[in-house]
Structure formats: structure tokens, C-alpha cells
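*Asks:* I need the structure of the sequence given here:
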Amino acid sequence: MALLAPFTWIGQATLGLLAAIGRLTLFALSAVSHVFRPPFYPREFLSALMTIGWYSLPVVGLTAFFTGGALALQIYAGGARFNAEAVVPSIVAIGMVRELGPVLGGLMVAARVASSIAAEIGTMKVTEQIDALTTLSTHPMKYLTAPRLLAATLAVPLLVAVGDAIGILGGYTIGVQRLGFNGAAYLQNTVDFLEPWDVGSGLVKGAAFGFIVALMGCYHGMHSGRGAQGVGQATKAAVVSASVLILAANYLLTEAFFSA
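*Replies:* This is a model prediction of the structure:
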């Protein structure tokens, strides 16, 4: 029996993982279906849009600015080894709009929003406010999950677009002030090397990451344990799972968009 213990543990872990994936899939399908079916709650949607979008702008903007500046320094230092310093504007722009803008923006929103949603909904569950909604004939998925899911899916691409522009501005600032680039030439190289699909792919990623962030926050909040410890664990699980899924989704989307 001792020899079979590792296989038993592996089997139990696999079954537990498959069960969790199944629960999450059913939850996601139910949440998406409620987005498109009445009744709708525009006040909840607008509140979530403001919380997820507008209030996340400072942290996303600061992250993008310093990332763009650091990227310019790193590319310049690497390109100097091959006398290729001139590629700094184009690589900064492509790197920001394709990868760093969506991914870092998604991770910052996950850290800020997924934890907030999970804590809020988890607290409502602990204090039996969700049961009260059901008693008042208000579906919790319709009132709590659907508005946040729709708001995050729409708001995060806008944050990514603003973050891309700020990140390119950060690269421009460092390139001109620190590395000695001509400002007009820097901007011209940025425009010449960017293609519409470079920007579009980042916005699609932003929508996918926003969906993941809201889904993980709502899912772990709805399945929160009882008490303060349960809410804390749900909050931690929401951030970790959202971050991991964002990185995994980023690879899959990059493979689908640019594998050719």
C-alpha cells in the first residue's frame, strides 16, 4: 500500500484539478449568459466601470511609464553591442503594444481589482447579504457578477490603450533626454514601425485579461469560506489565479496571433 500512496495522491490531485476546472467553466458560462439576459443593472455596471477603469488608471499609467523608460535603456544598452542603437524607438513601441502594455496592465488590474471584487463579494457572502438578494428575488449572478464581468472586459482594453501611449511616452522621454535621440526622428520611427494589428492584438489581449480578472474575483468571492480567514483566502486565491491565467492566456493569444 505504501508503494501506491504517491499514485493515490497524484490521482486525487488530478481529480481535484479537473473538478475545479469544471466548476470554473460552469460558473463562467453562467456569468456570460447573465450578461446578455435581462434584467440589467446599469448603476452597478457604471459603478464597476468607474472602479475598474478610472481608479486603476494611475497605477497602470505609472507602471507603463517606468516600464517604457526601462525598456528604452535596456534596448539601447543591448543594441550598442551591435551598433544597432537606432532600433530603440521601434522595439519600445512594439514591445509595449504587443506584450508589456497588455500583460503589465492586466497584472496591475488583477492585483487591484480581483482582490477587491473577491473581498467585497466574499464579505457579502459571510454577512449573508447574498442570501438576502436571493430572498428579494434578485439573482446574485445577475446583480454581482454580470456587471463586473462586462465592465472589466470593456475597461481593461481602454486602460491598455492609455498604458501603451504612456509607455511609449516613457521610452520617448528617456530616449530624448537621456540617450540623445532626436525627438522628431524618434516619433517618426515609432509611427513607421507600428502596424494596426500590433495595437489591435494588444487590445484583444486586454479584453481577455479583463474578463479573467473579473471572473476570478467573482468566482473566488462567491466560493469564499466563512469568516475573515475565508475571505482572506478567497482574496489571495483570486489574485494568484488571475495572474497565472493572464500569463497563460497571453502565451496562447500570442501563439494564435503571431505564430506564423
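*Asks:* What separation do you get for residue 116 and residue 62?
*Replies:* Noted for residue 116: a distance of 18 Å to residue 62, by Cβ to Cβ, to the nearest Å. Using the backbone N, CA and C atoms, a C-beta is placed for each residue, glycine as well.
*Asks:* Can you pick out the residue with more neighbours from these two?
*Replies:* residue 116 (20 against 14; other Cβ atoms under 10 Å).
*Asks:* Wait, the more buried one touches residue 214, no?
*Replies:* No: look at residue 116 against residue 214 with Cβ atoms under 8 Å: they stay out of range, at 10.7 Å.
*Asks:* In contact with the nearest residue to residue 208 once chain neighbours are set aside, which residues?
*Replies:* Nearest non-adjacent residue to residue 208, counting by Cβ to Cβ, 6 or more residues apart in numbering: residue 249, 5.5 Å away. Going by Cβ atoms under 8 Å, 6 or more residues apart in numbering, residue 249 touches 205, 208, 209, 212.
*Asks:* Just among the residues you listed, which is most surrounded?
*Replies:* Counting by other Cβ under 10 Å, top hit in the contacts of residue 249: residue 209 with 30 neighbours.
*Asks:* Quick one: neighbours of the spatially closest residue to it that is not a sequence neighbour, just the number.
*Replies:* Once flanking residues are discounted, residue 209 sits nearest to residue 106: 3.3 Å by Cβ to Cβ, 6+ apart. Neighbour count for residue 106, taken as other Cβ under 10 Å: 29.
*Asks:* Tell me the buried residues in stretch 9-29?
*Replies:* Applying a neighbour-count criterion of 16 or more other Cβ atoms under 10 Å, one finds 24, 27, 28 buried in stretch 9-29.
*Asks:* out of those, which one sits closest to residue 164?
*Replies:* Ranked by distance to residue 164 (Cβ to Cβ), those are led by residue 28 at 27.5 Å.
*Asks:* Buried ones in the helix or strand where residue 199 lies, by neighbour count?
*Replies:* Under the criterion of DSSP states H and E, residue 199 resides in helix 196-222. Of the residues in helix 196-222, 198-199, 201-222 count as buried by neighbour count, 16+ other Cβ under 10 Å.
*Asks:* what about stretch 215-233, distance to the chain center?
*Replies:* Relative to its chain's centre, stretch 215-233 lies at 19 Å (Cα atoms, centre = their mean, to the nearest Å).
*Asks:* Show me the shaky parts of the protein.
*Replies:* For the chain, the stretches flagged by pLDDT under 70 are 1-5, 260.
*Asks:* Tell me which residue lies nearest the centroid of it.
*Replies:* residue 106 (2.5 Å; Cα atoms, centre = their mean).
*Asks:* what's the angle from the host helix or strand of that residue to helix 196-222?
*Replies:* Counting by DSSP H and E, the element that carries residue 106 is helix 101-109. Per axes from the mean of the first three to the mean of the last three Cα atoms, to 10 degrees, the angle that helix 101-109 makes with helix 196-222 is 20 degrees.
*Asks:* Mind giving me the packing neighbours of helix 101-109?
*Replies:* helix 57-79, helix 146-177, helix 196-222, helix 227-258 (3 or more Cβ pairs under 8 Å, 6 or more residues apart in numbering; DSSP states H and E).
*Asks:* Nearest to residue 130, out of those helices?
*Replies:* Among the helices and strands packed on helix 101-109, helix 196-222 sits nearest to residue 130 (Cβ to Cβ), with 7.7 Å.
*Asks:* right, and residue 162 touches residue 60 too?
*Replies:* Yes: at 7.1 Å, residue 162 and residue 60 qualify as touching, with contact defined as Cβ under 8 Å.
*Asks:* Tell me which of the helices and strands packed on helix 101-109 lies nearest to residue 111.
*Replies:* helix 227-258 (5.9 Å).
*Asks:* How far away from the center of its chain is the closest one?
*Replies:* Relative to the mean C-alpha coordinate of its chain, helix 227-258 is positioned 8 Å out (Cα atoms, centre = their mean).
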